[in-house]
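> predicted structure and sequence below. I'll ask about it afterward.
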Amino acid sequence: MNDLMDLLKERRSIREFKDKKVSKEDVRKILEAGRWAPSSFNSQPWNFIVIRDWKKEVGESGSWSSPVSRSDFSIAIVSDEENELNAVNAGIAGQNIVLEAWSLGVGSCWIRGFDENKVKKILSVPSDKHVVALIAFGYPDENPSSSRKRLEKLVHWSDW
Ligand SMILES: Cc1cc2nc3c(=O)[nH]c(=O)nc-3n(C[C@H](O)[C@H](O)[C@H](O)COP(=O)(O)O)c2cc1C
């Protein structure tokens with residue numbers, strides 16, 4: 001269990017990547033982690049698009065999406081019907097993906113700062129689907145730090 005806590009605490013959002021390819025085998029493992037995420041009613045309401053050819057276009061689609069352009073590859077998490085439950089489901093799949101990547105030494109960064117209509121067009125996503133998030137991947141070329149609020153500020157024992 002301690003290993004999991006170490007992974008959770010040591011993972012950082014990585015926005016600068018080395019010019020080194022992630023193997024196909026590791027990309028598959030990363031996707032497999034998404035496949036095994038839990039979902040409401042086991043609906044698995046997601047598709048994953050592996051982006052290699054359109055990194056530049058997608059990365060330039062929003063003000064916070066530039067890590068996609070610099071990534072080795074990126075993944076678009078696409079959900080079925082757009083609703084709150086599916087946003088939660090997609091978030092869990094994405095977290096599985098990000099943690100598996102980190103365990104393989106692959107850095108990543110969640111991206112919400114993109115223009116969904118532009119990205120749907122670039123990636124030919126059907127109009128009834130929703131791009132919940134992008135995640136950029138690659139071997140880390142930076143070592144950023146981060147912080148969290150203190151537990152005592154977040155936790156309410158028994159009631160608010
Ligand atoms: C839902 C979500 C959306 C995010 N969107 C962006 C984004 O558009 N661009 C970006 O550079 N980072 C984005 N991030 C990364 C956050 O800035 C980062 O997780 C946060 O600052 C904490 O840093 P850490 O992940 O290194 O601990 C996003 C993270 C999450 C979970």
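Thanks, I have the structure now.

> avg pLDDT for the longest helix belonging to the chain?
The longest helix of the chain (DSSP state H) is helix 84-103. Summarised as a single mean, pLDDT over helix 84-103 is 98.

> same thing with stretch 51-65?
For stretch 51-65, the mean pLDDT works out to 96.

> buried residues in that stretch?
Across stretch 51-65, burial judged by 16 or more other Cβ atoms under 10 Å covers Ile51, Trp54, Lys55, Glu57, Val58, Gly59, Glu60, Ser61, Gly62, Ser65. From N, CA and C alone the C-beta is placed, and that goes for glycine too.

> distance of the fifth one relative to the ligand?
Going back to what we said before, that points to Val58. According to Cβ to the nearest ligand atom, to the nearest Å, Val58 stands 12 Å off from the ligand.

> nearest residue to Trp54 in space, ignoring adjacent ones along the chain?
Using Cβ to Cβ, 6 or more residues apart in numbering and skipping residues adjacent in sequence, the residue nearest Trp54 is Ile122, 5.1 Å away.

> burial of that neighbour, as a residue count?
As a burial measure, Ile122 scores 19 neighbours (other Cβ atoms under 10 Å).

> and what of the one 4 residues further on?
The number of residues packed around Pro126, counting by other Cβ under 10 Å, is 8.

> and Gly138, backbone torsions?
Backbone torsions of Gly138, given as degrees, to the nearest 10, read phi 170, psi 170.

> contacting residues for it?
If you count contacts by Cβ atoms under 8 Å, 6 or more residues apart in numbering, Gly138 has them with Ile14, Phe17, Lys18, Lys20, Val22, Arg70, Ser71, Asp72, Phe73, Val106, Gly107, Ser108.

> can you put these in JSON lines and add distance to Trp160?
Rendered in JSON lines, the data for these read as follows (distance: Cβ to Cβ, whole Å):
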{"residue": "Ile14", "distance to Trp160": "36"}
{"residue": "Phe17", "distance to Trp160": "42"}
{"residue": "Lys18", "distance to Trp160": "46"}
{"residue": "Lys20", "distance to Trp160": "48"}
{"residue": "Val22", "distance to Trp160": "44"}
{"residue": "Arg70", "distance to Trp160": "42"}
{"residue": "Ser71", "distance to Trp160": "41"}
{"residue": "Asp72", "distance to Trp160": "44"}
{"residue": "Phe73", "distance to Trp160": "43"}
{"residue": "Val106", "distance to Trp160": "39"}
{"residue": "Gly107", "distance to Trp160": "37"}
{"residue": "Ser108", "distance to Trp160": "34"}
